[in-house]
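Participant: The sequence and its predicted three-dimensional model are supplied below.
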2 protein chains.
Amino acid sequence: MDKQVRRTAPAELIAELKDLLGERFSISGPVCEQHGHDESYHETAAPDGVAFARSTEEVSAVVKACAKYNVPVIAFGTGTSLEGHVAALEGGICIDLMQMNNIVAVRPEDLDVTVQAGVTRKQLNDYLRDQGLFFPVDPGADASLGGMAATRASGTNAVRYGTMREAVLSATVVLPDGQIIVTASRAKKSAAGYDLTHLFVGCEGTLGIITEVTLRLYGIPEAISAAVCAFPSVEAAVNAVILTIQSGIPVARIELLDETAVTAVNRFAKLDLLEKPTLFFEFHGSEQGVAEQAEMVGAIAKEEGGERFTWASKTEDRSKMWQARHDAYYAALALKPGRKGLTTDVCVPISRLAEAIHETRADIASSFLTAAIVGHVGDGNFHTIFLIEPGNKGDLAEAKRLSNRMVERALAMDGTCTGEHGIGYGKMHYLEREFGPAADLMRTLKRAIDPKNIMNPGKVIRL
Amino acid sequence: MDKQVRRTAPAELIAELKDLLGERFSISGPVCEQHGHDESYHETAAPDGVAFARSTEEVSAVVKACAKYNVPVIAFGTGTSLEGHVAALEGGICIDLMQMNNIVAVRPEDLDVTVQAGVTRKQLNDYLRDQGLFFPVDPGADASLGGMAATRASGTNAVRYGTMREAVLSATVVLPDGQIIVTASRAKKSAAGYDLTHLFVGCEGTLGIITEVTLRLYGIPEAISAAVCAFPSVEAAVNAVILTIQSGIPVARIELLDETAVTAVNRFAKLDLLEKPTLFFEFHGSEQGVAEQAEMVGAIAKEEGGERFTWASKTEDRSKMWQARHDAYYAALALKPGRKGLTTDVCVPISRLAEAIHETRADIASSFLTAAIVGHVGDGNFHTIFLIEPGNKGDLAEAKRLSNRMVERALAMDGTCTGEHGIGYGKMHYLEREFGPAADLMRTLKRAIDPKNIMNPGKVIRL
């Protein structure tokens, strides 16, 4: 973590923001407290005030005011990040974007949509359903689309549809001096100039605040089916994944649950899955295409010793199955009531995935902690949820030690220290390890774009 | 264009580079001349010397030497760019990367490959074929992969497989001070830090020199088939494209040729296509999947008045058809022997494509110039090839006037001034028009990363 210098909002700034937003600017303790933490184990650091913005222009005005007093600005969506992204480490003003929840324009012919940052992915998909369209990126939480863009989120559908990196066509961004820019046109491709869109996707609010995004959409597939299959080992399951990807089968989802995760899900959702490493699949396409994909994957699973390959083509069976997958985190927590979860995620080249998971499981087996593994394995991405007793320093230290080993292993395998959770302030030291001299270039970018270091300071890159 | 100050390489630098590279550094007139222009109408601006590098370390050494003397450095691949990208506008040293032509590693399990910048796309695909793999980005020219990354190239397969933006997983880059960085790990996705890969993809050598790239690969599809269909109007053809994309049919290629382009291709390749707006399609998948796609597209084409829907499932028929498409540029030139081509490309949201092409054709019809339109219409991207007499200022002015109208129209439709050719020095004024205040941010990036402005100066962004 950088050495923090507290830059508390002065009374003049508070007064200016009150003038600007009236009731929509708050310095109430509980409101600030609630905006100082995300869903992770990281400690709360409350901002000095929370501005509930309703437009890009308001965000710009707040940022300009903060810039004038050299006070930090932290963007806030649903608060579902996992590496302390929203903690006001140096104090300052939080801008809550959830009142910016308009769907600005849906353009079915262009398969794109423009939304304000506070629109959530479920809100968007509910809105799109009648038009036969959907937005595929699904990190589990019903996060805001601005927040998902800012953390380069992904989730279960990424193996087929990509992550926020691929989903965002263009963004409206408020820069650290309050200037408003649009990063790109709505053209599906462009060779014009530097790629500003990708500069802001994943910057975690440290280079600017995303207030609007234009996203790629897809037609709801004619047919969807899903399947569950147990495997004798994690290696066998991962081999089935590798063969599936290599065969070019356009699976929409391939998720792995290890034995512990399956046990947890069985208890939590009252299922009777075999308590073995298990893959959940989903197929999208035409009736014929889905049947063909399923047949091919079934054959691959059989080859790898898959057992009880079970279909779920009815919507309710599928929903139940994916609900169970999405609840894996809560299901794992329920294994040891009263514990909290410390979750970490890495992503490795798929050829190294079985090894990475195998060694992580060996670490867990030799530890006193309980931990479950789930993964978006089609991408080589997996998560470990360590169950720790709140306030127990030994548990926390052990979870961090195992998490550290998991990250170091991923880096040694030419992987990344986070596939989708982001850096926040929890993984800043790994960024240096992962990028080496390229981290200096990130510092150069941060200093050039945000010379006063007011945008979400103390996150992503050490200065 | 920026005001250019000539920064000729001093004798000391020439001597240092001679020491460093021996025979592989040349100041011969014809060698310099050859490295001062691309395939476009833009004038030659020869560098003061050409360094033929064989490794990233050599590129770094050359860049360091140039930085010491504040002398420009311009990277050179196959010289097939189209907006004057390689012209040494202020003099300086050209680094020719074509001797860096090693395929460093193919990893079939991970569906990725690492190549040096000078490997061409055909060389790579020849190498991959036996392993059942291919690299899809195909801009027509057998360009170097480093150059394709640097110009964010795309081409006929982009509608399904994306452009170099999606294809590059990671790059090795020599920065303006000679430092070597790797922009990302080989993980398929990452939420770690700023997206450095996308900063360099499309920077046209103005922020650094790409010396190696790691690229996504795909399995060669089990089945490939292609089709040609004529339409009563460009609108009808484009409507068929929109319906195809909206239906989620994963076509691999959809190319449009207008009447003039079809006429040109008929003469050049001795074909007998109907001389009407025509779509070329290609489908990739399983035997069954390809048949299904073809049937769906056939039905859509029929609805839009498509005529003579013709299949080419045999490899030789397909090759002939795509050769004709790739030769469209030369075929158009052959319509008026002795003329040169001035080609421009734009990309618009697909809902505006018919209108954009219709109005461009109206412009051509009311002009004294001959011009043909071809397009990667699945992406909303199209090109116009204006035939101009070499040295005829009236022709050049008229081609520029029409090209300008085409770009302004695209910008008014929320499109981009170039879908795939890039900015070079031919389209710098449009970059300002397209991005407005965001162009200032590009300047900030350029100044921060290349404070001496030695990397390909006078290109992409005005300083």
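Facilitator: Done, it's in.

Participant: And the residue nearest the centre of chain A?
Facilitator: The centre of chain A sits closest to residue A:153, judged by C-alpha atoms, centre = their mean, with a distance of 3.4 Å.

Participant: Against chain B, how distant is that one?
Facilitator: Residue A:153 sits 7 Å away from chain B, going by C-beta to the nearest C-beta, to the nearest Å. In short, each C-beta sits where N, CA and C put it, glycine included.

Participant: Likewise for residue A:319?
Facilitator: From residue A:319 to chain B the distance is 22 Å (C-beta to the nearest C-beta).

Participant: hang on, isn't the residue nearest to the centre of chain A packed against residue B:189?
Facilitator: No: here residue A:153 lies out of contact with residue B:189, judged by C-beta atoms under 8 Å, at a distance of 10.1 Å.

Participant: joint contacts of these two?
Facilitator: Here residue A:153 and residue B:189 share the contacting residues A:163, A:420, scored by C-beta atoms under 8 Å, 6 or more residues apart in numbering or on different chains.

Participant: Name the residues of stretch A:426-444 that come out as buried.
Facilitator: Using 16 or more other C-beta atoms under 10 Å in any protein chain shown as the test for burial, stretch A:426-444 gives A:426-428, A:430-432, A:434-435, A:438-439, A:441-442, A:444.

Participant: Give me the contacts around that stretch.
Facilitator: A:1-2, A:40, A:42, A:82-84, A:407-408, A:411, A:416-418, A:421, A:423, A:459-463, B:175, B:179-183, B:185, B:192-194, B:196, B:448-449.

Participant: now those residues: which count as buried?
Facilitator: So, by 16+ other C-beta under 10 Å, the buried ones in those are A:40, A:42, A:82-84, A:407, A:411, A:416-418, A:421, A:423, A:459-462, B:175, B:179-183, B:185, B:192-194, B:196, B:448-449.

Participant: which residues of the stretch 201-350 of chain A fall in helices?
Facilitator: With helices called from DSSP state H, counting those that start in this stretch, the stretch 201-350 of chain A shows them at A:234-246, A:259-269, A:287-303, A:315-326, A:328-335.

Participant: how about JSON lines for those, with mean pLDDT, distance to residue A:341 and mean neighbour count added?
Facilitator: Shown next, in JSON lines, are these (pLDDT from 0 to 100; distance: least, C-beta to C-beta, whole Å; neighbours: other C-beta atoms under 10 Å in any protein chain shown):
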{"stretch": "helix A:234-246", "mean pLDDT": "93", "distance to residue A:341": "21", "mean neighbour count": "23"}
{"stretch": "helix A:259-269", "mean pLDDT": "95", "distance to residue A:341": "11", "mean neighbour count": "21"}
{"stretch": "helix A:287-303", "mean pLDDT": "93", "distance to residue A:341": "30", "mean neighbour count": "18"}
{"stretch": "helix A:315-326", "mean pLDDT": "88", "distance to residue A:341": "14", "mean neighbour count": "16"}
{"stretch": "helix A:328-335", "mean pLDDT": "93", "distance to residue A:341": "5", "mean neighbour count": "20"}
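
Participant: any chance of these in TSV, plus distance to residue B:217?
Facilitator: Output for the helices of the stretch 201-350 of chain A, formatted as TSV (distance: least, C-beta to C-beta, whole Å):
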stretch	distance to residue B:217
helix A:234-246	10
helix A:259-269	31
helix A:287-303	20
helix A:315-326	29
helix A:328-335	32
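
Participant: Nearest to residue B:158, out of those helices?
Facilitator: helix A:234-246 (21.2 Å; C-beta to C-beta).

Participant: Kindly spell out which helices and strands sit in contact with that closest one.
Facilitator: strand A:253-257, strand A:278-285, helix A:287-303, helix A:353-365 (3 or more C-beta pairs under 8 Å, 6 or more residues apart in numbering or on different chains; DSSP states H and E).

Participant: Pipe the ones you listed into TSV and attach distance to chain B per row.
Facilitator: Listed next are these as TSV, based on distance: least, C-beta to the nearest C-beta, whole Å:
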stretch	distance to chain B
strand A:253-257	12
strand A:278-285	8
helix A:287-303	6
helix A:353-365	10
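
Participant: Out of these, flag the one nearest residue A:130.
Facilitator: Short answer: strand A:278-285, nearest of the helices and strands packed on helix A:234-246 by C-beta to C-beta, at 19.0 Å.

Participant: quick one: residue A:388 from chain B, how far?
Facilitator: Separation of residue A:388 from chain B (C-beta to the nearest C-beta): 23 Å.

Participant: who's in contact with that residue?
Facilitator: For residue A:388, the contacting residues are A:41, A:339, A:340, A:341, A:342, A:369, A:395, A:396, A:398, A:399, by C-beta under 8 Å, 6+ apart.

Participant: so who does the last one touch?
Facilitator: With contact set as C-beta under 8 Å, 6+ apart, residue A:399 has these partners: A:342, A:369, A:371, A:386, A:388.

Participant: Equivalent analysis for the second one, please.
Facilitator: Taking C-beta under 8 Å, 6+ apart as the definition of contact, the neighbours of residue A:339 are A:333, A:370, A:387, A:388, A:389, A:390.

Participant: quick one, domains of chain A?
Facilitator: Structural domains assigned to chain A are A:103-219, A:223-328, A:332-424, following automatic domain parsing.

Participant: For chain A, identify the residue most remote from the centre.
Facilitator: The C-alpha centroid of chain A is most remote from residue A:12, which lies 36.3 Å away (C-alpha atoms, centre = their mean).

Participant: one step back: next up, phi/psi of the residue nearest to the residue nearest to the centre of chain A when sequence neighbours are not counted, please.
Facilitator: What sits nearest to residue A:153 in space, not counting adjacent residues and going by C-beta to C-beta, 6 or more residues apart in numbering or on different chains, is residue A:139, at 4.5 Å. Dihedral pair for residue A:139: phi -80, psi 10, per degrees, to the nearest 10.

Participant: how about the CA coordinates for the helix or strand of chain A with the lowest mean pLDDT, as CSV?
Facilitator: Within chain A, no helix or strand scores below strand A:307-312, which has a mean of 85 by mean pLDDT, DSSP states H and E. Only the C-alpha atoms of strand A:307-312 are listed here, as CSV (Å, rounded to 0.1, in the frame of the first residue of the first chain):
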residue,chain,number,x,y,z
GLU,A,307,-20.0,-39.7,-14.7
ARG,A,308,-23.8,-38.9,-14.5
PHE,A,309,-23.8,-36.5,-17.4
THR,A,310,-27.2,-34.9,-16.7
TRP,A,311,-29.2,-32.6,-19.0
ALA,A,312,-31.1,-29.5,-18.0
